[in-house]
Every structure is written in structure tokens, then in C-alpha cells.
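*Asks:* The sequence and its predicted three-dimensional model are supplied below.
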Amino acid sequence: MITYIEAELNHISIHKIGNKAQSEPCSLSTEEVDLYDGLVGGLLMQYFLNPFEKVNELYQFYHPTGNLLLNELYHFASEIFDGGGDFHEFTIQIAKHLYDVSGHPKIKTGELYVTHFKNLQIDGELLEAIGIFKSETKETYLKVYPDQRNFEVRYEEDAINLKKLDKGCVIFNTDREEGFRVAVIDQTNKSGEAVYWTDEFLKLKVRNDNYNQTATALTVYKDFVTQQMETEFDMSKVDKIDLLNRSMKYFKEKDTFDIDEFATEVIDNEKAIESFKLYKSNYEEEFDTEIADNFSISGAAVKKQARVFKSVLKLDKNFHIYIHGNNELIEKGVDDMGRKFYKIYYENEL
């Protein structure tokens, strides 16, 4: 969790980044912004950092060659943290790099803000951090004010909504050898041109921490049940929902994940357990990621994954049956007329 109650905004430089593919310019400022107005600084902190308070998934810088020093943002962040030069000059280099990768015709022009924070908190630890943010979406605001005995209405075009940060990343000065700890947001682009921010500009990959271990393990198991087991084993939809419910119950009740314990308590079938471990191994090889056999379970990741674990049995367009517990209390059958039915046993009507 990221909070900024004790954070200080020490430096901020602003540049305007056009779309290189459309021959739009990159307008570079000559000096930092003077934050003499404390109210403006507070509003900027709110604009930049509020969206990150709900971010749990963290990333790290990488480079395809394996040499982190070839990652431009990793290099600039390291120099800034080391105090090895003028902050504003580094922001100019960051702006030029962003402009160079803004080659997709749909990328929007916007202001780039590069900031330096002190005492920004992540998971209870106060750290130095660098923020890189881009505002692309502009709005029109009305302002009503009194004029003698009447009221006047004016408007402000191309204004920024403080509650809608388009793109941003926060780089924390920790875990440098692994590529730093980085939080990222991209609210505007979901496909196509979206890759330029995380893949081309930042060059990020998911960290292998407890949050991502938990989320990945749940995703792999869900895919295994809904895809692999359906073709390999003769299973009803009720059985699949029961397996998903049991897995979610395991992750909600346990503090740590142990693959053998999980397999015994949740899957409880030797052939299916062997198939699951093979499925996990194939996933690790295909996506070049390791899912540990033991790790601490992240409650935040479980909460997020629980939203996509389906416990609903859909029957034509007439009925939805929500199955949360014992699957032995529901029976499937066919009557004399060939109509399918489910018989449900219960004690109390709530």
C-alpha cells in the first residue's frame, strides 16, 4: 500500500510531449517549477499520488539483454537517487526518451511531470521516490462568481481534472539490484498504443513478490480447472465451481501457500494433482516466470482475484444458482420428459 501523509514534494519539472508520428513538437522547459504556493503543491500531490493508494501490484525495470544499465529509466533514476547531476537536466532526458517512443499515431499530446519525493510510504516504509506522470485528457470547467448584485459565469478550457490521472509511475529507491520497486498506472490506453508507456518507455516486468505470487497461483489454478480439467476429466459445472470455491477458501483462511498441502486439501485426486503440477510447470516455462511452491499469501491479491472466481451456475436464461458451499446438497437429473433439472437441499430459507 502506498500513502503520502508524510511525503514531501521537493522537485518538479514540466515538459510537453507531442506525438512524434504526427510531427508534433516536444516542448522542453528551461527550469524547474517554483513551488512557492503550498496549496498548489498539496493539490499536485493529491493529483499524482491518490490513484496509487489502491495499487498493490508492483513492477521492476528490466532490459531484454539482461543488462539493467541499458534501461533508460533505470539509468536516469539511479543517477537522480545518487545525486549525480542536475535534477532538471535529467527530466529533459526523460522527456526526450518519452518523445522518441511516442510513435503510435493515436498517442495523445500531454504534459509530462517529473517529480522527486521524500518520505513516500510503501508497505509501512518511508522511502525516497521519483514520480513520472503524464496528463492527456483535458476538460472544460465552469466558474460561477458574484459580480455586485448579480452572478457571472466563465469557463476554463483545457483544464485538468485532479481526480483523473492518465498515466503515472512511482519509482522507489529500494531493491536497486533487482530493478527498483515501481508502481504504475495507465488509465487511458487499454490496447494498441497502450504498450508504449509500460513496455517501450518504462520497460517493466512484474515483480516476483507475495502479491504477484498469490495472484499468479490463483490465476493458474482457475485456468487449470476451467480449461484443462474440462477436457481431461469428466466433470460437471457444479464440480468445477466447487473446486474453485475450495481453492478460494484455502487462500482466504491460510497465511502461507504450500503446494502439497493445497493439492491434498483442495484437489484431492492423485491424477488431477499430477496434472495440475504439470500445468503449473508448463505455465512457468511458457511465460518465463516462477511460481514458488511455498510463499506468504497476500490478502489484497486474494480479494482482487475473488472477483473473477465464478460461483454461478447459469441455467438457460431463466435461473442463476449461486453455489458457495457443499456441492453434495445439489443433484442433477433428467425427468421422464427429457427435461434437465437440479435438486437442491437446504435447512433454512434466509
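*Replies:* Everything's here; your move. Residues are numbered from 1 along each chain as shown.

*Asks:* what's the domain layout of this structure?
*Replies:* Here the domain parsing of the chain from automatic domain parsing is 2-206, 210-344.

*Asks:* Of the ones you listed, which shows the lowest average pLDDT?
*Replies:* Between the domains of the chain, the one with the least mean pLDDT is domain 210-344; it has a mean of 83.

*Asks:* so how far does that domain reach from one end to the other?
*Replies:* Chord length of domain 210-344, first to last residue, is 39 Å (C-alpha to C-alpha, to the nearest Å).

*Asks:* tell me what the helix or strand containing residue 92 is packed against?
*Replies:* Element membership of residue 92 [criterion: DSSP states H and E] is helix 87-101. Judged by 3 or more C-beta pairs under 8 Å, 6 or more residues apart in numbering; DSSP states H and E, the packing partners of helix 87-101 are strand 8-17, strand 26-27, helix 72-82, strand 110-122. Backbone N, C-alpha and C define where each C-beta goes, glycine included.

*Asks:* outside of that helix, which residues touch it?
*Replies:* With contacts defined as C-beta atoms under 8 Å, 6 or more residues apart in numbering, helix 87-101 is touched by 11, 13, 15, 17-18, 20, 26, 28-29, 31-32, 72-73, 76, 79-80, 112, 114, 116, 132, 134, 196, 200-201.

*Asks:* Got a quick ChimeraX command for the buried subset of these?
*Replies:* Applying 16 or more other C-beta atoms under 10 Å to the contacts of helix 87-101, the buried members can be selected in ChimeraX as follows:
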select :11,13,15,17,18,20,26,28,32,72,73,76,80,112,114,116,132,134,196,201
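
*Asks:* residue contacts, the residue nearest the centre of the chain?
*Replies:* Computing the C-alpha centroid of the chain and ranking residues by C-alpha atoms, centre = their mean puts residue 57 first, at 5.0 Å. By C-beta under 8 Å, 6+ apart, the contact set of residue 57 is 206, 211-212, 215.

*Asks:* cool, residue 81 as well?
*Replies:* By C-beta under 8 Å, 6+ apart, the residues touching residue 81 are 128, 130, 173, 176.

*Asks:* Pick out whichever of those residues sits closest to residue 188.
*Replies:* Of all these, residue 188 sits closest to residue 130, with 21.4 Å by C-beta to C-beta.

*Asks:* In terms of helices and strands, where is the closest one?
*Replies:* Assigned by DSSP H and E, residue 130 belongs to strand 125-135.

*Asks:* which parts of that strand are buried?
*Replies:* Using 16+ other C-beta under 10 Å as the test for burial, strand 125-135 gives 127-135.

*Asks:* now what about the helix or strand that that strand is followed by, what contacts it?
*Replies:* With elements assigned by DSSP H and E, the helix or strand that comes after strand 125-135 is strand 139-147. For strand 139-147, the external contacting residues (C-beta under 8 Å, 6+ apart) are 151-161.

*Asks:* and with 10 Å instead?
*Replies:* The contact list for strand 139-147 (C-beta atoms under 10 Å, 6 or more residues apart in numbering) reads 151-161, 164.

*Asks:* same check, this time on stretch 62-77
*Replies:* By C-beta under 10 Å, 6+ apart, the list of residues contacting stretch 62-77 from outside reads 60-61, 78, 85, 90-91, 93-94, 96-98, 100-101, 114, 129-130, 132, 169, 171-173, 176-180, 182, 201-205.

*Asks:* how far does that stretch stretch from start to finish?
*Replies:* One end of stretch 62-77 to the other measures 13 Å (C-alpha to C-alpha).

*Asks:* Give the buried residues for that stretch.
*Replies:* The neighbour-count check on stretch 62-77 (16+ other C-beta under 10 Å) flags 62, 68, 71-77 as buried.

*Asks:* would you turn those into TSV with distance to residue 272?
*Replies:* Compiled in TSV, those are given as follows (distance: C-beta to C-beta, whole Å):
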residue	distance to residue 272
62	35
68	41
71	42
72	47
73	44
74	43
75	48
76	49
77	46
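
*Asks:* who's in contact with residue 176?
*Replies:* Taking C-beta under 10 Å, 6+ apart, we find residue 176 in contact with 60-61, 68, 74, 77-78, 81-82.

*Asks:* Compile these into JSON lines and extend it with columns for distance to residue 227.
*Replies:* Below are the contacts of residue 176 laid out as JSON lines (distance: C-beta to C-beta, whole Å):
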{"residue": "60", "distance to residue 227": "29"}
{"residue": "61", "distance to residue 227": "33"}
{"residue": "68", "distance to residue 227": "36"}
{"residue": "74", "distance to residue 227": "37"}
{"residue": "77", "distance to residue 227": "40"}
{"residue": "78", "distance to residue 227": "42"}
{"residue": "81", "distance to residue 227": "44"}
{"residue": "82", "distance to residue 227": "48"}
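
*Asks:* What is the nearest of these to residue 270?
*Replies:* Distances from residue 270 to these, taken by C-beta to C-beta, are shortest for residue 60, at 38.0 Å.
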